[in-house]
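Asks: compute the structure for the input listed below.
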Amino acid sequence: MKADPLKRFSNRVDNYVKYRPSYPPAVVEYLTKKCSLNEDSAVADIGSGTGIFSKLLLEHRFNVYGVEPNDAMRKRAEHDLKQYKKFASINGTAEDTTLPADSIDLIVCAQAFHWFCNAETRKEFRRILKPQNCAALLWNNRQTDADAFATAYELLLKEKSPDYSEVNHKNLTETDFVGFFKDGKYETAKYPNVQVFDFDALRGRAFSSSYVPPEDTDEGQLFLSALHDIFDQYQVKGKVKFTYQTEVYLGEV
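Replies: Numbers count the residues shown, from 1 in each chain. Reported below is the predicted structural model:
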């Protein structure tokens, strides 16, 4: 029986904070320009997790509402972002944000939309957005064929992470985006992104993923052993890298 989607990351928060990638600064600059944002703008970060993207928004001085149903992740964001007076942490879901109607200038979903791509989410987004405003769906899309290590890591996930094929955000298709955005219209922007790891950091990055078996299980230990093998095979001066394409899908809802 698979874990409740709302609890999948509860035991992975530390690794998530330390080892998940952030997003290129150009992403926020793009959204600021396209959505005519300013310091008075209200941005709802839906599925905000530990606050990785919320922090970037706060650094641009927007009013940010981090909506996150997972208690462990939400509390970590509250702790890590407590110095930002314009951050409000919300215990809510994509289908029931609890935010007032017509109150939001931009919705962002960073590495989260694949968990709640449904009609109820679209209805709620339309309710809380001010008229003619947009939602931005973002992912750091790991390039699975960027190099020999990337290819080997992808094969490892397919062989030793049973949930990988089911919860991978790449399962979303153009049909999902056309069905979500108003009149099926949206635009995309893409930016390069990269992370470089020694083995300890690679280990943390791998086990931050909800589809990787927990490290304290037999399956997790088998995964770890295989991860060490491919690291040893492909490392260069003790390092490997994840190459990403950060993808943004922007449109009215």
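
Asks: contact partners for residue 63?
Replies: By C-beta atoms under 8 Å, 6 or more residues apart in numbering, the contact list for residue 63 reads 40, 41, 42, 43, 86, 88. Yep, even glycine has a C-beta here, placed from its N, CA and C like the rest.

Asks: now, which of those lie within helices?
Replies: With DSSP state H as the criterion, helices contain none of the contacts of residue 63.

Asks: looking at neighbours, which among those is most surrounded?
Replies: Among the contacts of residue 63, residue 43 has the most neighbours (other C-beta atoms under 10 Å), with 25 neighbours.

Asks: surely that residue is in contact with residue 108?
Replies: Yes: Residue 43 lies in contact with residue 108 (C-beta atoms under 8 Å); the separation is 6.2 Å.

Asks: tell me where the stretch 1-150 of the chain has strands.
Replies: Ranges of strands in the stretch 1-150 of the chain, per DSSP state E, counting those that start in this stretch, are 42-46, 63-67, 87-90, 104-110, 129-142.

Asks: partners of the longest one, with directions?
Replies: So the one you mean is strand 129-142. strand 104-110 (parallel), strand 240-252 (antiparallel) (DSSP bridges).

Asks: most tightly packed of those strands?
Replies: Of all the strands paired with strand 129-142, strand 104-110 has the most neighbours on average by mean count of other C-beta atoms under 10 Å, namely a mean of 25.

Asks: the bottom helix or strand of the chain by mean pLDDT?
Replies: In the chain, the helix or strand scored least confidently by mean pLDDT, DSSP states H and E is helix 164-167, which has a mean of 70.

Asks: for the stretch 51-200 of the chain, give me the ranges with low pLDDT.
Replies: Along the stretch 51-200 of the chain, segments meeting pLDDT under 70 span 166-171.

Asks: where exactly do the helices run in it?
Replies: Remark: helices assigned in the stretch 51-200 of the chain by DSSP state H, counting those that start in this stretch are 52-59, 71-80, 119-128, 148-160, 164-167, 174-180, 199-207.

Asks: of all these, which one is nearest residue 220?
Replies: Closest to residue 220 of these is helix 199-207 (C-beta to C-beta; 7.4 Å).

Asks: what angle sits between the closest one and helix 148-160?
Replies: Using axes from the mean of the first three to the mean of the last three C-alpha atoms, to 10 degrees, the direction of helix 199-207 lies 40 degrees away from that of helix 148-160.

Asks: for helix 199-207, packing partners?
Replies: For helix 199-207, the packing partners by 3 or more C-beta pairs under 8 Å, 6 or more residues apart in numbering; DSSP states H and E come out as helix 13-19, helix 218-234.

Asks: done for today, thanks.
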